[in-house]
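Undergrad: okay, structure incoming, though there's no sequence with it:
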């Protein structure tokens, strides 16, 4: 069996949203599984000394334009959120709690969080909104709410964050397959050629 | 006649090199001309408060890997230069002096500067190397050497730099067509769809 694709994403990353809409279908064409990893770019930017692209003069303005155009290019619905970025730690912790029980359900939850933010302009930093989304995909709301705040889940998320840095993940979306790293939704074509040819 | 594509590039930018190898052929398919503009990223990064990607922890390492893989993906020869980046002000000034006489010759010169650096590992910060390249594409060497240092050419380059910032150019390669900006060699597919459809 071929190795899975590791897919790192931040819930507040528009290009992460664009990648999340496609990565499983792309992988399935080449009989690969995808392991999803929620990360927090705020944490990673701090550790790697990066400034968010949005905060760089001229670039910030361009990036908003580009993410909207990239969504149109890919045929993915997007509405730029009124408040950007957001702290999405509750969503990330909830994602890992679900993943340990049912990875497919965790992906479904992640997709709905992304759409809530980038299509429906909901406040994904709000723990109640996140619990609503979990409930809507069939999760027990009370169990979700209590577990997201639990020490084991906090620890699990911390370990994932450290693991992402250890694997040199510095942005979102970020893919690693066969030890080959790909950064950006715009590297999915190179990723596809990699899967098709076994490396180039 | 459709408006030309403005193409901004830095001679020390690997992705600028990748774009330079393709942009005229792409534009020609859609009956567009390309106006080339040499810029200095060092100057632009300073003005926009940017850190070079190479100097960001983790990202710097990835970017070298990515530029080499992107060249293979596009089928363009590349050897990563021993010394990177380089100050390419002599090449940029020479480019504008040539452009005022013969834009096609200036492009030919620019292509050869890029290949000298990214294929043959020559020191393109050295004025003698740049004069050799000019001579090899048929330029009068003595006239080139004296004019590159002249006040009108220095002024011309300064005006181009200010003009690039005024048009919000913050990186290389950068394309503007019909007032639509595209940043990166990896946006040439979106640029192509723009040319094909008249905007999307």
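TA: Arrived safely. Keep in mind the model is a prediction, meaning the values are calculated, not measured.

Undergrad: identify each buried residue in the helix or strand of chain A with the lowest mean pLDDT, please.
TA: In chain A, no helix or strand scores lower on mean pLDDT, DSSP states H and E than helix A:41-48, which sits at a mean of 90. Within helix A:41-48, the residues scored as buried using 16 or more other Cβ atoms under 10 Å in any protein chain shown are A:41-45, A:48. Yep, even glycine has a C-beta here, placed from its N, CA and C like the rest.

Undergrad: show me where chain A has helices.
TA: A:14-20, A:23-29, A:41-48, A:59-74, A:89-99, A:103-118, A:127-136, A:141-148, A:151-166, A:188-197 (DSSP state H).

Undergrad: distance from the third one to the middle of the chain?
TA: Read it as helix A:41-48. 15 Å (Cα atoms, centre = their mean, to the nearest Å).

Undergrad: got it, and the fifth one?
TA: The chain centroid and the centroid of helix A:89-99 are separated by 11 Å under Cα atoms, centre = their mean.

Undergrad: which residues sit against that helix?
TA: A:11, A:36, A:38-40, A:105-106, A:109-110, A:113, A:124-127, A:130-131, A:134, A:139, A:144, A:147-149, A:153-154, A:156-157, A:160 (Cβ atoms under 8 Å, 6 or more residues apart in numbering or on different chains).

Undergrad: selection in ChimeraX covering whichever of the residues you listed are buried, please.
TA: In ChimeraX, this line selects whichever of those come out buried by 16+ other Cβ under 10 Å:
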select /A:11,36,38,39,40,106,109,110,113,124,125,127,130,131,134,139,144,147,148,153,156,157,160
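
Undergrad: wait, does the least confident helix or strand of chain A contact chain B?
TA: Yes - counting by Cβ under 8 Å from any Cβ of the partner chain, contacts between helix A:41-48 and chain B involve residue A:48.

Undergrad: report the angle between that helix and helix B:59-74.
TA: Interaxial angle, helix A:41-48 versus helix B:59-74 (axes from the mean of the first three to the mean of the last three Cα atoms, to 10 degrees): 110 degrees.

Undergrad: got the angle between helix A:41-48 and helix A:89-99?
TA: Calculated by the same axes, to 10 degrees, helix A:41-48 forms an angle of 100 degrees with helix A:89-99.

Undergrad: so what touches helix A:41-48?
TA: By Cβ under 8 Å, 6+ apart, helix A:41-48 touches A:10, A:12-13, A:50-52, A:85, A:87, A:161, A:164-165, A:169-172, B:56-59.

Undergrad: show me the residues you listed that map onto strands.
TA: In strands, judged by DSSP state E, none of those are found.

Undergrad: which of those residues are buried?
TA: A:10, A:12-13, A:50, A:85, A:161, A:164-165, A:169-172, B:56, B:58-59.

Undergrad: circling back: which stretch in the helices of chain A has the least confidence?
TA: Of all those, mean pLDDT reaches its minimum on helix A:41-48 (a mean of 90).

Undergrad: neighbours around residue A:65, how many?
TA: Residues within reach of residue A:65, counting by other Cβ atoms under 10 Å in any protein chain shown, total 14.

Undergrad: how about it, what does it touch?
TA: Residue A:65 neighbours (Cβ under 8 Å, 6+ apart): residue B:181.

Undergrad: please apply the same query to residue A:193.
TA: Contact analysis of residue A:193 by Cβ under 8 Å, 6+ apart lists A:200, B:73.

Undergrad: what's the spacing between it and residue A:38?
TA: Distance, residue A:193 to residue A:38, by Cβ to Cβ, to the nearest Å: 27 Å.

Undergrad: what do you get for residue A:119?
TA: To residue A:38, residue A:119 is 19 Å away according to Cβ to Cβ.

Undergrad: skipping its backbone neighbours, what lies nearest the residue positioned nearest the centre of chain A in space?
TA: Nearest to the geometric centre of chain A sits residue A:9, at 2.5 Å (Cα atoms, centre = their mean). Distances taken as Cβ to Cβ, 6 or more residues apart in numbering or on different chains place residue A:16 nearest to residue A:9, at 3.8 Å, with adjacent residues excluded.

Undergrad: burial count for the one you found?
TA: 27.

Undergrad: is it in contact with residue A:175, as I believe?
TA: No - using Cβ atoms under 8 Å, residue A:16 makes no contact with residue A:175, being 11.0 Å away.

Undergrad: spell out which parts of chain A neighbour chain B.
TA: Contact residues (Cβ under 8 Å from any Cβ) of chain A with chain B: A:48-51, A:56-59, A:61-62, A:65-66, A:69-70, A:72-73, A:165, A:168-171, A:181, A:183-184, A:186-187, A:189-190, A:193, A:200.

Undergrad: repeat that for 7 Å
TA: Residues of chain A lying close to chain B (Cβ under 7 Å from any Cβ of the partner chain) are A:48-50, A:56-59, A:62, A:66, A:69, A:72-73, A:168, A:170, A:181, A:183, A:186, A:190, A:193, A:200.

Undergrad: sorry, back to before: hey, what's the residue nearest to the centre of chain A bridged with?
TA: Counting by DSSP bridges, residue A:9 is bridged to residue A:38.

Undergrad: if I look at it, how far off is chain B?
TA: For residue A:9, the distance to chain B (Cβ to the nearest Cβ, to the nearest Å) stands at 17 Å.

Undergrad: ok, now which ones touch that residue?
TA: Counting by Cβ atoms under 7 Å, 6 or more residues apart in numbering or on different chains, residue A:9 touches A:16, A:19-20, A:36, A:38-39, A:172-173.

Undergrad: quick check: phi and psi at residue A:12.
TA: Dihedral pair for residue A:12: phi -100, psi 10, per degrees, to the nearest 10.
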